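Asker: One predicted model, sequence on top.
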Amino acid sequence: MRPRDPRRLIERERRTRARVRIVPTDQPHSGPDEGIESRQVAEVTLPHSELERIWSPEYLERLARTYWNFLTRVSLGLLRVLYTPESREVVLLRRPFVLLRFKPPEYDFPPGGGTVTWPIDSGLLVARRGRGRGYLRLTVRRSPGREDRSGEATAMVTSEVVNFFPMIATRLGRWIYDQTQLRIHVIVTHAFLRSLANLELEESRIGAFSPSALPRSPEASPGRGER
């Protein structure tokens with residue numbers, strides 16, 4: 001019998017450090033003239049020591065970077081994310097096919113959690129009246145009282161789109177948007193949330209919240225970070 005490669009056993013163990021459960025969530029309702037909202041939530045259970053290790057602004061910034069990298073991977077490279085100091089652009093292969101353009105991320109670190117928000121600017125998927133309105137936000141918050149004797153802890157990760165005015169809903173109707181663009185968004189977001197089970201978070205390009213950068217970087221204050 002061929003002996004098992006210990007490196008593979010270590011890798012398998014490392015990839016199963018967390019458990020992810022998608023939490024059923026009632027979706028917000030909006031009127032015909034209101035922006036659309038969508039929210040997906042996951043419960044991530046992991047060893048308490050591991051949560052303590054990654055519970056910092058640096059890892060929220062890395063989570064943001066991981067989100068965009070996942071979008072590129074799951075689309076097999078068709079969707080790319082272009083970074084500039086003034087924007088974050090989701091493009092179909094290359095410019096000028098900018099599907100979504102966001103303003104730079106805004107970070108906030110309230111007690112027990114953290115958020116990163118990308119204000120929606122424009123793009124081919126955004127109706128004219130929705131330009132400069134709405135946002136995409138990732139939120140991580142610690143679940144109080146969920147750290148039990150087994151040595152595990154729980155964090156809630158939420159992805160939400162708020163006040164989004166999709167072009168397809170304006171041109172073809174809300175039902176078409178719900179059955180196409182929204183459905184795809186939910187599937188991709190759930191896949192991203194499940195991927196957090198491996199606890200592999202990409203390195204940020206800027207690393208504004210890394211311990212080495214915080215003392216000297218003027219960009220390392222709440223509100224600015226991963227770019």
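Answerer: Now that the structure is in, tell me what you want to look at.
Asker: Which of the three states applies to the most centrally placed residue in the chain?
Answerer: The centroid of the chain falls nearest to Tyr67 when counting by Cα atoms, centre = their mean (4.4 Å). For Tyr67, the assignment made with DSSP: H, G, I helix; E, B strand; the rest coil gives helix.
Asker: Surely it and Leu193 touch.
Answerer: No: applying Cβ atoms under 8 Å as the test, Tyr67 and Leu193 come out as separate, 9.9 Å apart. C-betas here are computed from N, CA, C, even on glycine.
Asker: Overlap of the contact sets of the two?
Answerer: Residues touching both Tyr67 and Leu193 (Cβ atoms under 8 Å, 6 or more residues apart in numbering) are Ser159.
Asker: what about the chain, any weak spots by pLDDT?
Answerer: For the chain, applying pLDDT under 70 flags the ranges 1-16, 31-32, 145-149, 206-207, 210-227.
Asker: which residues of it fall in strands?
Answerer: 19-23, 36-47, 79-84, 87-92, 98-102, 106-108, 113-122, 135-142, 152-164 (DSSP state E).
Asker: strands paired with the fourth one, and their directions?
Answerer: In this case it means strand 87-92. With DSSP bridges as the test, strand 87-92 is paired with strand 79-84 (antiparallel), strand 98-102 (antiparallel).
Asker: buried set for the first one?
Answerer: Within strand 79-84, the residues that qualify as buried are Leu79, Arg80, Val81, counting by 16 or more other Cβ atoms under 10 Å.
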